[in-house]
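Trainee: predicted model follows, preceded by the sequence.
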Amino acid sequence: MKIDGQPYRTIFPDGDAVTVIDQTRLPFAFELKRLASLDDAAVAIRTMVVRGAPLIGVTAAYGLALAMRADASEAGIERACATLAATRPTAINLRWALDRAAAVLHRAPEAEREKTAFAEAARIADEDVESCRSIGEHGAKILAEIAAKKSGTVNVLTHCNAGWLATVDWGTALAPIYVAHDAGVPVHVYVDETRPRNQGAALTAFELNAHGVPHTVIADNAGGHLMQHRAVDVCIVGSDRTTASGDVCNKIGTYLKALAAFDNRVPFYAALPFSTIDWTLDDGVRDIPIEERDAREVTHLTGRTEDGGFATVQVVSPGSPVANPAFDVTPARLVTGIITERGVCAASHEGLAGLYPERRRAA
Ligand SMILES: CSC[C@H]1O[C@H](OP(=O)(O)O)[C@H](O)[C@@H]1O
C-alpha cells in the first residue's frame, strides 16, 4: 500500500538482506529495519517488529534464506527451521512457509541453496500479494451488497490488525474494505483498539488514515454495545490459523466479538488465504496452540508523550499476577463465512473442501 504516496510492501529484498517496516514504531514513526541474518529474522518475528500470520510466514522464508548463507547443509536447514518455528507457535503460516521452502531446499544442490531460498521466499511473497488482493475482491462483493441493501454506508467492525501490515500487501480482513472503498462503496470501519498490544489503535487506524477510509477507533469492550444498537452491519476479522472444520483462531478478543455478533444477528466473517488453513485439525479450541506472551505487554503501555517523545508507563497494580494469552478460537458455529482467495464459503469441512477440492478427505 502507499505511505505518503510511496508504494510499499511490508518486506522486500535489499541487496544481500531483506528490509521490513518496524511495526513496533508505528503509528508515530515510520522506520525500516534491515534483517541480515537468521537471528535478525527470528528476533523480528518474536518481538513483533513484523507480525500477522502471512507476514510471519514470508519473514520466516527469508530468514531461512539468510541462514543458507551461513550454513546450507542439511543440518543447517533443520537448525534454521527449528529456530524460526520456535519464535511464535500459533500462526500456521510460519510452519507452512518453512515446510514449503525447506522441501525445495532439500532438492537443491548445497551450493545453490541460498539463491534458491531467496527465490522461493520471493515466490511466497508474490503469491501472498495476489491471494490478499483476491480476498479483497471476493469480500468487497459482500460489502457492496450490504451497502446497496441499506442504501447507505456499510459499517464494518474489525479486530486487531489484519491489514496490509499483517501481510505483504493488501491484508486479509482489510482487503475487502480497501477494494470496496476504492470502488466507491460507502464504508466506515469500527476499529477495535485490541488490547494489550493495540494493533487496532496503532496499526489498523494508521493504515485506514493513510488510505483515507472513514473509521472510528473504539475500546474493545464497546463492540457488543454497538452491535446491540444496530451500529454494525458486518464483522470481518483475520486469522492466524483456521481448522479444516472452520474454527477460526485469531487475536484474543475475537471470540467475544463473535458471540456478540451471533447474539445480535450481525454477519461475522473471517478473511484468510490458503496458507492460514490447518488441514490437519478439526477441533480448534482443543488443538490450536495459543501463544502466551510476556506479562509486560499487559502491565505496561508505550506511546507518544505530549512533547512528541516516546514513553512506557505501568498501568497495572505492581505485584499483581498477569495472564496474557495472545489468541482465542471462534468455533465455526459462530462464523457466517470464510472469505478466501478462491471465494467465500461456509465455515465447515464441506465449505472449505468445496473451495479446495484437492484437500477433500477420503470419505
Ligand atoms: C492476517 S493475519 C492477522 C492476524 O495476526 C495478528 O496477530 P499478531 O499481531 O499477534 O501477529 C492478529 O491475530 C490478526 O488478526
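Mentor: Now that the structure is in, tell me what you want to look at.
Trainee: next, T59: secondary structure please.
Mentor: Judged by DSSP: H, G, I helix; E, B strand; the rest coil, the three-state class of T59 is helix.
Trainee: okay, now the closest residue to it other than its chain neighbours: neighbour count?
Mentor: Of all residues not flanking T59 in the chain, V50 sits nearest, at 4.8 Å (C-beta to C-beta, 6 or more residues apart in numbering). (C-beta placed from N, C-alpha, C; glycine too.) V50 has 26 neighbours, counted by other C-beta atoms under 10 Å.
Trainee: try R69
Mentor: For R69, the number of neighbouring residues by other C-beta under 10 Å comes to 17.
Trainee: which residues does the residue nearest to T59 contact?
Mentor: For V50, the contact set (C-beta atoms under 8 Å, 6 or more residues apart in numbering) comprises 10-11, 20-21, 23, 44, 56, 59.
Trainee: ranking those by neighbours, who comes first?
Mentor: Using other C-beta under 10 Å as the neighbour test, those are led by T59, with 32 neighbours.
Trainee: shouldn't that residue be in contact with R46?
Mentor: No: contact status for T59 versus R46: not in contact, 10.7 Å apart, counting by C-beta atoms under 8 Å.
Trainee: roughly how far does the residue nearest to T59 sit from the ligand?
Mentor: 8 Å (C-beta to the nearest ligand atom, to the nearest Å).
Trainee: cool, P357 as well?
Mentor: From P357 to the ligand the distance is 24 Å (C-beta to the nearest ligand atom).
Trainee: what is the burial count for that residue?
Mentor: The tally of other residues near P357 (other C-beta under 10 Å) stands at 7.
Trainee: pLDDT at it, what is it?
Mentor: Looking at P357, its pLDDT reads 96.
Trainee: which residue is nearest the middle of this protein?
Mentor: The geometric centre of the chain, computed from its C-alpha atoms, lies nearest to G52 (C-alpha atoms, centre = their mean), at 3.2 Å.
Trainee: leaving out sequence neighbours, find the closest residue to that one.
Mentor: Among residues not flanking G52 along the chain, A166 sits closest, at 2.4 Å (C-beta to C-beta, 6+ apart).
Trainee: surely that neighbour touches R51?
Mentor: Yes: here A166 lies in contact with R51, judged by C-beta under 8 Å, at a distance of 6.8 Å.
Trainee: settle it for me: which of those two has more neighbours?
Mentor: Ranked by neighbour count (other C-beta under 10 Å), A166 and R51 place A166 first, with 31 against 27.
Trainee: who in the stretch 1-150 of the chain is up against the ligand?
Mentor: Within the stretch 1-150 of the chain, the positions adjacent to the ligand are 51-54 by C-beta under 6 Å from any ligand atom.
Trainee: go on, the stretch 201-350 of the chain?
Mentor: Near the ligand, when you scan the stretch 201-350 of the chain using C-beta under 6 Å from any ligand atom, you find 237-238, 240, 250-251, 326.
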